[in-house]
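# need coordinates for the below:
(one chain, ligands or ions: 4)
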Amino acid sequence: MASFSVYIKKKGTIGMKLQTLLQHLHSFTPLTTENPTITSIDMDSRDVQQGSLFVCIKGFTVDGHDFAEQAVARGAVAVVAEKPLTLPVPVIYVNDSRRALAVLADAFYGQPTHQLHVIGVTGTNGKTTTTHFIERICRHAGKKTGLIGTINMKIGDETYDVKNTTPESLVLQKMFRKMVDAHVDIAAMEVSSHALHMGRVHGCDFDVAVFTNLTQDHLDYHQTMEHYRWSKGLLFAQLGNRFDHQRPKFAILNADDAASEEYKKSTAATVVTYGIHHQSDIMAKHIEITTSGTTFQLVTPIETVQVKTKLIGMFNVYNLLAAVGACLVSNIPLRTIVEAIADIEGVSGRFEVVNAGQPFTVIVDYAHTPDSLENVLQTIQQFAKKRIFVVVGCGGDRDRTKRPLMAQIAVKYSDVPIFTSDNPRSEDPMAILNDMKQGVAEDVVCIVDRKEAITYAIEQAEKDDVVLIAGKGHETYQIIGKDVLYFDDRVVAREAIQRRTDQ
Ligand SMILES: CC(=O)N[C@H]1[C@@H](OP(=O)(O)OP(=O)(O)OC[C@H]2O[C@@H](n3ccc(=O)[nH]c3=O)[C@H](O)[C@@H]2O)O[C@H](CO)[C@@H](O)[C@@H]1O[C@H](C)C(=O)N[C@@H](C)C(=O)N[C@H](CCC(=O)O)C(=O)O
Ligand SMILES: Nc1ncnc2c1ncn2[C@@H]1O[C@H](COP(=O)(O)OP(=O)(O)OP(=O)(O)O)[C@@H](O)[C@H]1O
Ligand SMILES: N[C@H](CCC[C@H](N)C(=O)O)C(=O)O
Ligand SMILES: [Mg+2]
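Ligands and ions are numbered 1, 2, ... in the order given. The predicted structure follows:
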């Protein structure tokens, strides 16, 4: 709360004196005595308006320092930089401008996470699903909620577009401020390994940290599984190292995933475990999955209750257990949680059924990792009466080593695998398909155009078959080269079904 008193809000604009703001950069001795009023902080020169403090970030693509002059021309009154710059406004030099940005943003927006109950969810798969479950349970309990993740950011019903699963610190702190101003009680957010490693969440005062699972993804960025596991572990290691009984911190860990042992050791927070196979604080027992839903006995330290949900798939039982753990330590009554779970429909693009009256089942799912693809296909195998088709591709400019693995899984668990493009980005779509083919011995149908691939599957499918369209889920675009083209698996599938019906 220290800086809250200096956070000024007048006539719709906010402002803070430069010298006051700089006091938060503790290791820094200001070289300037100038003291302009800072009305915004920006990391993108194109967003700068009069009164901005522009922070130069060395990116993966370009160097923000190269845009400092442009930022000043647009009205920046001070600049934070790592390298010498000659500018007509004060320049504040720091060793690490991304880290400085996190500190400044937290201070500028009045340390909003100190005034919110923040639940962070990390793990390879299930972050979006689990945060959405937490949001729905909290709403059912009458709480005003905030949500940050892959699909969008939300305050109550209001939605905001996102570029990243976990945005940069500046975007995050601004959103948390908005949440505090809107009287949000609980915010649930996805915390990606990239964000943890790049320090996008420095300054976020999490109350609860949740771990879903760890399997292969993002080796393009992390290089090794050890680095990936360690990066995710930062959420637990940074969860506060003191026992503030007014504001206890909790780590909710998946006892069935080996990485939890490491995370348990790295956190000083109270650990609550959940699981199905290993003894844990919160457990699901006697699980029964049918095509219309799942029931299980939910064992908690409070009491054991029966749970009924419309969701299917063992992975969703795990996601529910993670959400139950997060909500219980956030003081949501168990009975309310169970009531809410009974109402939960799926999450957009996650095991989403496309029904246009066809005699076979079409499912769109965001599985884009080997483990998620395997989980989804295993779930489909449990209810499929006839053949399973899978239309799948792998993203360009992403972990190449997962391509042959995903291909192998598609072939292993389906009768008709069809390899196609996901988001090729800057890569040659044929080269991605070739990487996939390296994983399989036999010839697989390859149709580079995703629309054609989906259409092909739908035209071949017969009564009681299941068509899984994997990888893009809720996405409403396809990135080919630098072009972001409108594309929605659900719409393409529906149109293909319609064309077939009309024939
Ligand atoms: C590899 C990576 O993480 N890149 C992130 C990075 O972009 P970048 O380094 O390329 O930025 P840049 O374009 O070089 O720009 C550098 C600086 O110059 C500034 N600039 C640039 C142009 C200009 O005209 N003026 C200007 O000031 C930029 O605003 C920026 O401050 O910084 C950007 C701003 O924070 C991010 O949006 C961007 O995420 C890109 C879109 C991305 O795809 N990231 C992926 C890998 C990612 O982070 N994924 C995880 C989720 C994974 C999961 O769900 O499992 C995520 O959290 O999203
Ligand atoms: N707990 C889980 N374990 C394994 N697979 C899962 C789990 N939950 C969901 N999945 C599968 O992973 C896909 C992605 O789920 P979700 O979007 O919740 O994950 P995420 O962690 O948010 O992914 P991203 O890293 O892209 O943000 C789902 O469509 C489903 O196929
Ligand atoms: N958060 C994931 C999403 C991948 C979705 C998939 N459709 C792709 O483009 O690879 C990533 O950025 O790696
Ligand atoms: Mg997500």
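# so the residue nearest to Leu196 when sequence neighbours are not counted is in which element?
In space, and not counting its chain neighbours, Leu196 is closest to Leu234: 4.3 Å by C-beta to C-beta, 6 or more residues apart in numbering. All C-beta spots, glycine's among them, are computed from the backbone N, C-alpha and C. Counting by DSSP states H and E, the element that carries Leu234 is helix 225-237.
# any figure for the gap between the residue nearest to Leu196 and Arg200?
11 Å (C-beta to C-beta, to the nearest Å).
# report the buried residues of the helix holding Leu234.
Neighbour-count burial for helix 225-237, counted by 16 or more other C-beta atoms under 10 Å, picks out 228-237.
# with stretch 145-164 instead?
145-151, 153-155, 162, 164.
# which of those lies closest to ligand 1?
Asn164 (3.1 Å; C-beta to the nearest ligand atom).
# next, the closest one: phi, psi?
phi -120, psi 160 (degrees, to the nearest 10).
# for it, give me its contacts.
Shown here is Asn164, whose contacts under the criterion C-beta atoms under 8 Å, 6 or more residues apart in numbering are 192, 194-195, 200.
# so which of those residues comes closest to ligand 3?
The closest of the contacts of Asn164, once distances to ligand 3 are taken by C-beta to the nearest ligand atom, is Ser192, at 7.1 Å.
# count the residues that sit near that closest one.
Ser192 has 23 neighbouring residues, counting by other C-beta atoms under 10 Å.
# what mean pLDDT does the helix or strand just after the helix holding Leu234 get?
Sequence order places strand 250-254 as the next helix or strand after helix 225-237, per DSSP H and E. Mean per-residue pLDDT for strand 250-254: 98.
# just want to check the distance between Asp257 and Tyr274.
10 Å.
# if you count what's nearby, which of the two comes out ahead?
Tyr274 (31 against 19).
# where does that one sit: helix, strand or coil?
Going by DSSP: H, G, I helix; E, B strand; the rest coil, the secondary structure assigned to Tyr274 is strand.
# pairing partners for it in the sheet, please.
Counting by DSSP bridges, Tyr274 is bridged to Asn254, Ile282.
# ok, Ala81 next?
Tyr93.
# can I assume it is in contact with Tyr93?
Yes: judged on C-beta atoms under 8 Å, Ala81 makes contact with Tyr93 at a distance of 6.0 Å.
# so which of the buried residues of stretch 145-164 are in strands?
Members of the buried residues of stretch 145-164 lying in strands (criterion: DSSP state E): 145-148, 153-155.
# so which of those are also by ligand 2?
Among these, no residue lies close to ligand 2 (C-beta under 6 Å from any ligand atom).
# up against ligand 4, what does the stretch 51-200 of the chain have?
By C-beta under 5 Å from the ion, the residues of the stretch 51-200 of the chain that approach ligand 4 are 127-128, 150.
# wait, which of the residues you listed is closest to ligand 3?
Ligand 3 has its nearest neighbour among those in Thr150, at 6.2 Å by C-beta to the nearest ligand atom.
# was I right to think the closest one contacts Thr128?
Yes: with contact defined as C-beta under 8 Å, Thr150 counts as touching Thr128 (4.8 Å).
# what is in contact with those two at once?
The contact lists of Thr150 and Thr128 share 165, 190, where a contact means C-beta under 8 Å, 6+ apart.
# neighbours of Ala441, just the number please.
8.
# ok, it - contacts?
Counted by C-beta under 8 Å, 6+ apart, Ala441 has zero contacts.
# gap between it and ligand 4?
Distance of Ala441 to ligand 4, computed by C-beta to the ion, to the nearest Å: 33 Å.
# before we move on, what about Phe54?
Taken as C-beta to the ion, the span from Phe54 to ligand 4 is 30 Å.
# next one: Pro112
Pro112 is 22 Å from ligand 4, where distance means C-beta to the ion.
# quick check: that residue touching Gln173?
Yes: taking contacts as C-beta under 8 Å, Pro112 lies within contact range of Gln173: 6.4 Å.
# per-residue pLDDT, the residue of the stretch 401-503 of the chain found nearest ligand 2?
The minimum distance from the stretch 401-503 of the chain to ligand 2, using C-beta to the nearest ligand atom, falls at Gly473 (5.7 Å). Looking at Gly473, its pLDDT is 98.
# got it, and Ala284?
Confidence score, pLDDT, at Ala284: 98.
# just how off-centre is the helix or strand containing it within its chain?
Assessed by DSSP H and E, Ala284 sits inside strand 282-290. Centroid displacement of strand 282-290 relative to its chain, using C-alpha atoms, centre = their mean, to the nearest Å, is 26 Å.
# contacts only, for Phe236.
Each residue near Phe236 by C-beta under 8 Å, 6+ apart is listed here: 209, 211, 251, 253, 263-264, 266-267, 269.
# run through who's touching stretch 266-280.
For stretch 266-280, the external contacting residues (C-beta under 8 Å, 6+ apart) are 209, 233, 236-237, 239-243, 248-256, 260, 264, 281-285, 287, 314, 317-318, 321-322, 324-325, 328-329.
# please pick the buried ones from those.
209, 233, 236-237, 239-240, 249-256, 260, 264, 281-284, 314, 317-318, 321-322, 324-325, 328-329.
# residue in the stretch 301-450 of the chain nearest to ligand 3?
Of all residues in the stretch 301-450 of the chain, Gly395 sits closest to ligand 3, at 2.0 Å by C-beta to the nearest ligand atom.
# quick check on that residue: phi, psi?
phi -70, psi 140.
# quick one: it from Val376, how far?
Taken as C-beta to C-beta, the span from Gly395 to Val376 is 17 Å.
# more crowded one of those two?
For Gly395 and Val376, the more surrounded residue by other C-beta under 10 Å is Val376, and the numbers stand at 24 against 21.
# pLDDT score for the residue lying closest to the more buried one once chain neighbours are set aside?
Spatial nearest neighbour of Val376, chain neighbours left out: Ala367 (4.7 Å); criterion: C-beta to C-beta, 6+ apart. The score at Ala367 is 97. That number is its pLDDT.
# any idea how far Gly393 is from Ala367?
11 Å.
# what is in contact with these two at once?
Common neighbours of Ala367 and Gly393 (C-beta under 8 Å, 6+ apart) are Gly471.
# those two: who's more crowded?
Applying other C-beta under 10 Å to Ala367 and Gly393 shows that Gly393 carries more neighbours, namely 30 against 27.
# can you list the residues of the stretch 351-500 of the chain near ligand 2?
Where the stretch 351-500 of the chain comes near ligand 2, counting by C-beta under 6 Å from any ligand atom, the residues are 365-367, 371-372, 375-376, 473.
# state the distance from Ser260 to Met225.
15 Å.
# again, but for Lys451
Computed as C-beta to C-beta, the Lys451 to Met225 distance reads 35 Å.
# what parts of the stretch 401-503 of the chain come near ligand 3?
422-423, 471-472, 475.
# tell me the SS of Val118?
strand.
# among the residues of the stretch 351-500 of the chain next to ligand 2, which two are most distant?
Asp371 and Gly473 (15.4 Å; C-beta to C-beta).
# what is the burial count for the closest residue to Lys143 other than its chain neighbours?
Nearest residue to Lys143 in three dimensions, chain neighbours excluded: Asp185, at 4.3 Å (C-beta to C-beta, 6+ apart). By the criterion of other C-beta under 10 Å, Asp185 has 15 neighbours.
# go on, Gly346?
Neighbourhood size, Gly346 [other C-beta under 10 Å]: 17.
# the strand or helix carrying Thr129 close to ligand 1?
Element membership of Thr129, judged by DSSP H and E, is helix 127-140. No: using C-beta under 6 Å from any ligand atom, helix 127-140 never reaches ligand 1; the gap is at least 6.9 Å.
# for this structure, name the helix or strand with the lowest mean pLDDT.
strand 8-10 (a mean of 41; mean pLDDT, DSSP states H and E).
# number of residues surrounding Thr304?
Neighbour count of Thr304, defined by other C-beta under 10 Å: 11.
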